[in-house]
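Engineer: no letters, just coordinates:
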C-alpha cells in the first residue's frame, strides 16, 4: 500500500476544493476529518489510513460493476493506447458508432432510432428537456410545460434541478428553467384534463424508485401507466 500523508491531503482539500452537496463551513471545520479514498477493489474502498469500507451505494449509483474490474480496466487501457479523447463536434469515432448501434438494437424496431451522448444524468435530463421542447416547436405546437413527480430528483443543473429540487438549489430565476407542473401520484397525473394536458411537452419520472426521496418505491405498473397516459395525450416521457 502506498503511504499517504492524510493530514497534508486534507489541509489541501479544505484550501482548494469546493465539494458539491456539502456544507463547506462544516467540511472545513478543524475538527472535521474527511475520508480520503485512495483505492477500490470490487465492492470495497480503502482510505488513506488503510481503513476499508463497503461501497454500498456504488459510488452514488455510478459503479455497478465494482472497482478495478479487469475487463473494464483492460478496455480502458486499450482505448488509451489509441486516443484518450476526441471531439464529437464535427468528427466521430468507431467506439461511439459501435455503442450507438448496439443501444439502438436493444429497442423494438421503429422506436429508438438514434443515440445522443451526454456526460451524466443531469445533462442527460437537460438534453431531453430541450429535445422535447424543440420537437413540439418544430411542429408548431405550443407545448412547453413539463410534468414531474413530487419529491423527485433529476440532477443539479438548472433545468434538471427545477424539475425536482428547485428549493434545494434555490433555482428561482425564471430564465433558468422550464415551467413545471408537479403531481404526487399516477392517479393525480391521470386526473389532468385534456385542456391541462394539451400544453405538456413531456413527463419526467424516476423509474421504480425515488432514491433521494428516501427510497420510495413506486407501485407496480407505474411506468406503464405513465407511458399509457403519455400515449393518450401526445407527450413523450423520460425515465430518470
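Structural biologist: Cool, got the structure. Here the structure is a predicted model, which is why all the values come from computation and not from measurement.
Engineer: now do the buried residues in stretch 14-32.
Structural biologist: Within stretch 14-32, the residues that qualify as buried are 14, 28, counting by 16 or more other Cβ atoms under 10 Å. Bear in mind the C-beta positions are built from the backbone N, C-alpha and C, glycine included.
Engineer: any idea how far it is from the chain center?
Structural biologist: 24 Å (Cα atoms, centre = their mean, to the nearest Å).
Engineer: who touches it?
Structural biologist: The set of residues that contact stretch 14-32 without belonging to it, under Cβ atoms under 8 Å, 6 or more residues apart in numbering, is 34, 156.
Engineer: what about the protein, any weak spots by pLDDT?
Structural biologist: Applying pLDDT under 70 to the chain flags residues 1, 165-177, 236-240.
Engineer: go through it and flag its longest helix.
Structural biologist: The helix that spans the most residues within the chain, counting by DSSP state H, is helix 121-138.
Engineer: which other helices and strands does that one contact?
Structural biologist: In this structure, helix 121-138 makes packing contacts with helix 158-164, strand 200-205, strand 237-239, judged by 3 or more Cβ pairs under 8 Å, 6 or more residues apart in numbering; DSSP states H and E.
Engineer: following that helix, which helix or strand shows up next?
Structural biologist: Moving toward the C-terminus from helix 121-138, the next helix or strand (DSSP states H and E) is strand 145-149.
Engineer: assumed residue 85 was part of a strand.
Structural biologist: No. When DSSP: H, G, I helix; E, B strand; the rest coil is applied, residue 85 is found to be coil, with no strand at that position.
Engineer: what's around it, how many residues?
Structural biologist: Using other Cβ atoms under 10 Å, residue 85 has 8 other residues around it.
Engineer: span of stretch 56-66 from start to end?
Structural biologist: Using Cα to Cα, to the nearest Å, the end-to-end distance of stretch 56-66 comes to 11 Å.
Engineer: make 38 the first number, not 1, from now on.
Structural biologist: Shifting the count to begin at 38 puts that one at stretch 93-103.
Engineer: now find how far off-centre that stretch is within its chain.
Structural biologist: Averaging C-alpha positions (Cα atoms, centre = their mean) puts stretch 93-103 13 Å from its chain's average.
Engineer: residue 111: which of the helices and strands packed on helix 158-175 is closest?
Structural biologist: Go through the helices and strands packed on helix 158-175 one by one with Cβ to Cβ and the one that ends up closest to residue 111 is strand 274-276, at 31.4 Å.
Engineer: looking at the helices and strands packed on helix 158-175, which is nearest to residue 101?
Structural biologist: Among the helices and strands packed on helix 158-175, strand 274-276 comes nearest to residue 101, with 16.9 Å by Cβ to Cβ.
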